[in-house]
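>>> sharing a sequence plus its predicted fold:
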Amino acid sequence: MYFALQPASAVLSDINSDLIDCYQAVQKSPGEIDALLSDHQSRHSKSYYYETRAIKPADPIERAAWFIYLNRTCWNGLYRVNRRNEFNVPIGTKSAVVLHSDNFQSISRMLRGAKILNQDFEMALDSTKDGDFVFVDPPYTVKHNLNGFVKYNDKIFQWEDQLRLRDAVVRAATRGAMVLVTNANHQSVREIYKGVGRQMVVDRASVLSGSAAHRVRTEELTICTWLKQTNEDEEEPPNRYLAN
């Protein structure tokens with residue numbers, strides 16, 4: 001969303017420290033990232049992947065290149081860590097580390113107007129004010145969901161966090177911020193956001209499944225706090241959009 005809108009100033013916030021460290025490194029040192037990725041490209045193999053995965057660099061620039069290397073060569077670009085916060089995704093089928101579309105210098109310039117913070121979503125939302133546009137994309141946890149990835153993550157976004165997020169969204173909207181939330185199109189999520197804004201369903205392709213046969217269309221719920229829901233009594237949101 002940030003790169004699509006390219007605002008003059010913004011705050012980019014996430015609880016994932018590896019992701020935030022990567023953005024900060026690209027913002028400040030794009031040339032070094034390029035060089036390190038080229039080195040990973042020249043060394044890439046199955047044994048090199050697992051040797052590299054096992055050791056997270058202490059240097060922030062090297063750690064950013066490590067993060068991008070693993071993301072590009074692991075299974076399906078999945079980010080997953082265990083309870084010790086160790087990246088544990090197996091190697092994938094793609095071997096390209098340096099891409100023709102890479103332009104870290106350009107990304108660095110686009111990030112100059114951004115303050116990049118590693119923090120909880122509640123801190124980010126509570127810092128918003130009247131007139132701010134806020135895009136929120138949380139993990140799609142639903143009520144009574146037995147999260148199959150519990151054993152793969154050091155910190156799990158649970159249903160209590162969904163409720164905490166909803167409350168933070170309401171506080172931000174009350175102050176005049178315009179909040180766009182994406183979430184699971186599930187009855188439990190629709191219920192907690194009832195009356196908060198207009199709910200709309202977006203239909204898109206699912207790309208996460210390991211089998212191409214299972215990569216079917218899926219639906220996501222969006223909540224726009226600055227728009228009024230015209231039919232709050234209906235169980236299913238009426239507005240549906242197709243995402244390319």
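That came in fine, so what should we check first? Being a predicted model, the structure only gives us computed values, none of them experimental.

>>> how is the protein partitioned into domains?
The record's domain parsing of the chain by automatic domain parsing lists 16-110, 120-242.

>>> contacting residues around the residue nearest to G176 when sequence neighbours are not counted?
Using Cβ to Cβ, 6 or more residues apart in numbering and skipping residues adjacent in sequence, the residue nearest G176 is D130, 3.1 Å away. Any C-beta I mention is one placed from the backbone N, CA and C, and that applies to glycine too. Contact partners of D130, counting by Cβ atoms under 8 Å, 6 or more residues apart in numbering, are 175-177.

>>> ranking those by neighbours, who comes first?
Within the contacts of D130, most neighbours by other Cβ atoms under 10 Å means A177, with 20 neighbours.

>>> what's the burial count for L163?
L163: 12 neighbours (other Cβ under 10 Å).

>>> wait, it sits on Y193?
No. If you go by Cβ atoms under 8 Å, L163 and Y193 don't touch, sitting 10.7 Å apart.

>>> surely V201 is in a helix?
No. V201 is assigned strand when assessed by DSSP: H, G, I helix; E, B strand; the rest coil, not a helix.

>>> closest one of the contacts of D130 to T52?
The closest of the contacts of D130 to T52 turns out to be A177 (Cβ to Cβ; 41.0 Å).

>>> give the contact list for the closest one.
125, 128-134, 225.

>>> that older thread, got phi/psi on the residue nearest to G176?
As for D130, its main-chain torsions (degrees, to the nearest 10) stand at phi -60, psi 130.

>>> now it: how far from M123?
18 Å (Cβ to Cβ, to the nearest Å).

>>> so for F157, what's the pLDDT?
Turning to F157, the model gives it a pLDDT of 86.

>>> neighbours around the residue lying closest to it once chain neighbours are set aside, how many?
Spatial nearest neighbour of F157, chain neighbours left out: P139 (4.0 Å); criterion: Cβ to Cβ, 6+ apart. P139: 15 surrounding residues under other Cβ under 10 Å.

>>> can you check V201 too?
16.

>>> wait, it sits on H186?
No. If you go by Cβ under 8 Å, V201 and H186 don't touch, sitting 11.2 Å apart.

>>> what residues are shared contacts of those two?
L221.

>>> quick one, helices of this structure?
2-5, 17-28, 30-43, 46-53, 60-73, 104-110, 121-126, 159-174, 187-192 (DSSP state H).

>>> tell me which of those helices is the most buried.
Among those, helix 60-73 has the highest mean neighbour count (mean count of other Cβ atoms under 10 Å), at a mean of 21.

>>> taking helix 17-28 as reference, get the angle to that one.
110 degrees (axes from the mean of the first three to the mean of the last three Cα atoms, to 10 degrees).

>>> distance from helix 60-73 to the middle of the chain?
16 Å (Cα atoms, centre = their mean, to the nearest Å).

>>> now it against helix 46-53, angle please.
Using the same axes, to 10 degrees: helix 60-73 against helix 46-53 is 140 degrees.
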